[in-house]
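Q: Dropping a prediction and its sequence here:
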Amino acid sequence: MKKLISALVAAAIVLTCVFAFAGCSGASVDETYDIVMITDGGAVNDDAYNQSAWSGVTSYVEEYNQSAAEGEQLSCRYYQPHVAEGETLETQQALEYIELAVSKGAGTVVLPTSVFENAAYEAAMQYPDVRFLLVDGTPKASGSDTDAYMQNVMTVSFNTLQSGFLAGYYAVIAGNTDLGYFGSVNSESSSSYGAGYVQGAQYAAAQLGIPVRLDYADYDSPILDYNYDFTIKANYKPIGSTQVFIVNVENGTGSGTYTHGQNVTVTADPAPQGKVFDHWECKSDTEGVKDSKVNISDDDEPSMNLLVEECDCTITAVYVDAPSTTYAVTVNDASGAAYSTQYVIAGESVNVVAPSPERGMVFDHWQISDEGEGIIDDVNAKDTWVHVSDETQDITLTPVYAESESPTFTVSVVTGEGGSGESTGSGSFVTGDVVPIVAAVPQEGYIFSHWSSADEDGYGADVAMENEYFPSTTYTMVNRYQAVAERMYDEGVSVIYAGGNPECNVVSDATWSYSYQKLAIGAENWQTSWDNYLTTTVKDYGSAVKAALSDFRGGYNYTGDCSNSGVYLSAVDEDFKAQYDEVYSSLASGKIALIDVAPGADVRQVVNSNVLTLDYWIAG
């Protein structure tokens, strides 16, 4: 039955997948192909690895066919699996496409990027007569970190040590003397990129006879001396000559001092037991101004907007007796103590939000007092809806937290001078969390001005605030690893090498705050057109794939390096081309010998010159 299902899946894929041909004509869905490449979900014109690998396949086939006898020519095709944006190709889906390729007669299957490591391992055992070319990865059994060398799999790797050297060397000869490196101890390649970068910068500094400083940080190192936490402050300013109007909200939130035309969110407090919200009552507190001048968006919704007019006003949430019994929906904190309670009549629903977890923890699921089906929309969502009925009656929800696999960052929301009371929104959060935040009511003679943020060093945290000028708004937790790059830039670094790691994009993100004053060096990108890159270290999948197909050897690894032009920089200014070419040749010939560093090892061991000062970001 499993074989039949696989065959049906393969047939369906044939009709829907994206494909292309090289060295073929008059192709049809029944045609067979000698070489099939499966993309990682990207297109073959993605200006990245898929395009580079596919160019290597087509170049090999075209050259082979030029000298091949008629009837012996090769054909090739690619399949592009459908992968949703932000997701990664799953092993099972990759195996289905490999099965399809084999069913179409493929003798060689090309798999670009490490996403195929598990699929290559399983497929190589299932199809021992098929040759697999795995680029930038090594076959691994599912759940294992052990590399497997298999007789029908040829692998391709790249010399990241040389790539890093080229990046460090070029950064210095291009005029940068304050450098940064952003790496990862959990990335196998990152340590080699970093060691090469340090040695390249050192080599250029010695060659030019100039001092160079280099900040070096592994963002996920347990000994990294950096605090990602930050503070958000509600700022106020004296009213002075500014005309302001006082909004007083009774039985709700939204009170404050505002200017004419401001849009204020007003929300009623939860209804008391036995009551339900009925309407808003609006009253002008300015003599000569009618109550009708108070401009609210909706008088019978518990949360609405007020457009501040030229008058003081009082807005009151009015509650009436509930038409039937109200039931309590109570949210506890992690200890089981009551955190909030809302009273709801049967047949209605209420939104619940879990309290912020302690540092290092993240919401996992709700524990519900009544496990009746349909009570809660999503038991795994910290912000969800609960449905009340006569059958469920009172409901108690207790959040269950677990240790976070992603880093958590503590945000402290404080009230600045001129505010009265506590501003809300503090807690421990992970990247992507959207957090509501409300400023304390201004003291008499003050008005809310804006929100500001700062880390422990006083530098702005660049938190994504929905509207920094509204006292009631939200902020979204950005990737706080970006703070490492931001601190380097703040302290004078002019260019940072991204280091080939899962969080490398935060380096380019950090440059946005500095326009063209700061630059990034990209790693592992095949090509980039983004203006704030000084250059990018390139792994040339195309040349490596072509070379490996020309001399396929199972159980063997082909290394792309300077000797075969497998690694290089994407852009080199003509003013520095001669120096770059000379160093490139020395790396290719082995004249320049480099020292590699194991993941997590102290990179200071590769420094042997007093022209380079390495600031290694560790505690103590």
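A: Everything's here; your move. Residues are numbered from 1 along each chain as shown.

Q: what ranges do the strands span in the stretch 51-200 of the chain?
A: With DSSP state E, counting those that start in this stretch, the ranges of strands along the stretch 51-200 of the chain come out as 76-79, 108-112, 131-135, 153-158, 178-183.

Q: Send me the first one as PDB with only the CA atoms.
A: Listed next in PDB are the C-alpha coordinates belonging to strand 76-79 (Å, rounded to 0.1, in the frame of the first residue of the first chain):
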ATOM      1  CA  CYS A  76      18.600  17.200 -17.200                       C
ATOM      2  CA  ARG A  77      15.700  18.700 -15.300                       C
ATOM      3  CA  TYR A  78      15.100  20.300 -12.000                       C
ATOM      4  CA  TYR A  79      12.200  20.000  -9.500                       C
END
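
Q: 55 is where my numbering starts, stick with that
A: Okay, using 55 as the starting number, the last item reads as strand 130-133.

Q: Next, count neighbours for the residue nearest to Ile264 when sequence neighbours are not counted.
A: Once flanking residues are discounted, Ile264 sits nearest to Thr231: 6.3 Å by CB to CB, 6 or more residues apart in numbering. From N, CA and C alone the C-beta is placed, and that goes for glycine too. Counted with other CB atoms under 10 Å, residues neighbouring Thr231 total 19.

Q: Could you list which residues are in contact with Thr231?
A: Contact partners of Thr231, counting by CB atoms under 8 Å, 6 or more residues apart in numbering, are 259, 264-267, 548.

Q: picking that back up, any chance of the strands of the stretch 105-254 of the chain in CSV, plus mean pLDDT and distance to Ser506?
A: Output for the strands of the stretch 105-254 of the chain, formatted as CSV (pLDDT from 0 to 100; distance: least, CB to CB, whole Å):
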stretch, mean pLDDT, distance to Ser506
strand 130-133, 96, 51
strand 162-166, 98, 45
strand 185-189, 98, 47
strand 207-212, 97, 44
strand 232-237, 96, 25
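
Q: Relative to Leu623, which of the ones you listed is closest?
A: Leu623 lies closest, by CB to CB, to one member of the strands of the stretch 105-254 of the chain: strand 207-212, at 13.5 Å.

Q: Touching the closest one from outside, list them.
A: 174, 178, 185-193, 593, 595, 598-599, 602, 606-615, 620-621.

Q: what does stretch 412-429 give?
A: By CB under 8 Å, 6+ apart, the surrounding residues in contact with stretch 412-429 are 388, 408, 411, 430, 433-434, 436, 438, 440-441, 445-460, 462, 464, 482, 484.

Q: Also stretch 643-651?
A: By CB under 8 Å, 6+ apart, stretch 643-651 touches 215-216, 219, 245-246, 248-250, 253, 257, 617, 637, 639-641, 657, 659-660.

Q: quick one: buried residues of it?
A: By 16 or more other CB atoms under 10 Å, the buried positions in stretch 643-651 come out as 646, 648, 651.

Q: same deal with stretch 280-296?
A: Buried, per 16+ other CB under 10 Å, within stretch 280-296: 280, 282-290, 293.

Q: For Ala376, state which of those residues is nearest.
A: Within these, proximity to Ala376 (CB to CB) peaks at Ala288, which comes in at 36.0 Å.

Q: quick one, helices of the stretch 455-604 of the chain?
A: Applying DSSP state H, counting those that start in this stretch to the stretch 455-604 of the chain gives helices spanning 536-544, 559-564, 595-604.

Q: Please apply the same query to the stretch 305-454 of the chain.
A: With helices called from DSSP H, counting those that start in this stretch, the stretch 305-454 of the chain shows none.

Q: Let's have the helices of the stretch 455-604 of the chain in CSV, adding mean neighbour count, mean pLDDT and distance to Val163.
A: Shown next, in CSV, are the helices of the stretch 455-604 of the chain (neighbours: other CB atoms under 10 Å; pLDDT from 0 to 100; distance: least, CB to CB, whole Å):
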stretch, mean neighbour count, mean pLDDT, distance to Val163
helix 536-544, 24, 90, 38
helix 559-564, 22, 88, 30
helix 595-604, 22, 96, 11
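
Q: Go through those helices and name the closest to Glu116.
A: helix 595-604 (10.1 Å).

Q: Val532 reaches Met519, doesn't it?
A: No: with contact defined as CB atoms under 8 Å, Val532 does not count as touching Met519 (10.3 Å).

Q: Contacts only, for Phe186.
A: Per CB under 8 Å, 6+ apart, neighbours of Phe186: 162-163, 165, 174, 177-178, 204, 206-208.

Q: how about 7 Å then?
A: Phe186 is in contact with 163, 165, 174, 177-178, 206-207, counting by CB atoms under 7 Å, 6 or more residues apart in numbering.

Q: what about the most far-flung residue of the chain relative to its centre, distance to Val348?
A: Within the chain, the residue lying farthest from the chain centre (CA atoms, centre = their mean) is Gly342, at 55.1 Å. To Val348, Gly342 is 14 Å away according to CB to CB, to the nearest Å.

Q: How about Gln120?
A: As judged by CB to CB, Gln120 and Val348 stand 82 Å apart.

Q: Who has more neighbours out of those two?
A: Neighbour count, other CB under 10 Å: between Gln120 and Val348, Val348 has more, with 24 against 9.

Q: Isn't the more buried one up against Ser338?
A: Yes: between Val348 and Ser338 there is a contact under CB atoms under 7 Å: 5.8 Å.

Q: Overlap in contacts, these two.
A: Common contacts of Val348 and Ser338 (CB under 7 Å, 6+ apart): Cys367.

Q: Run through the strands of the stretch 455-604 of the chain in chain order.
A: Counting by DSSP E, counting those that start in this stretch, the stretch 455-604 of the chain has strands at residues 463-469, 473-474, 481-483, 488-492, 495-496, 500-509, 518-519, 526-530, 549-551, 573-577, 587-593.
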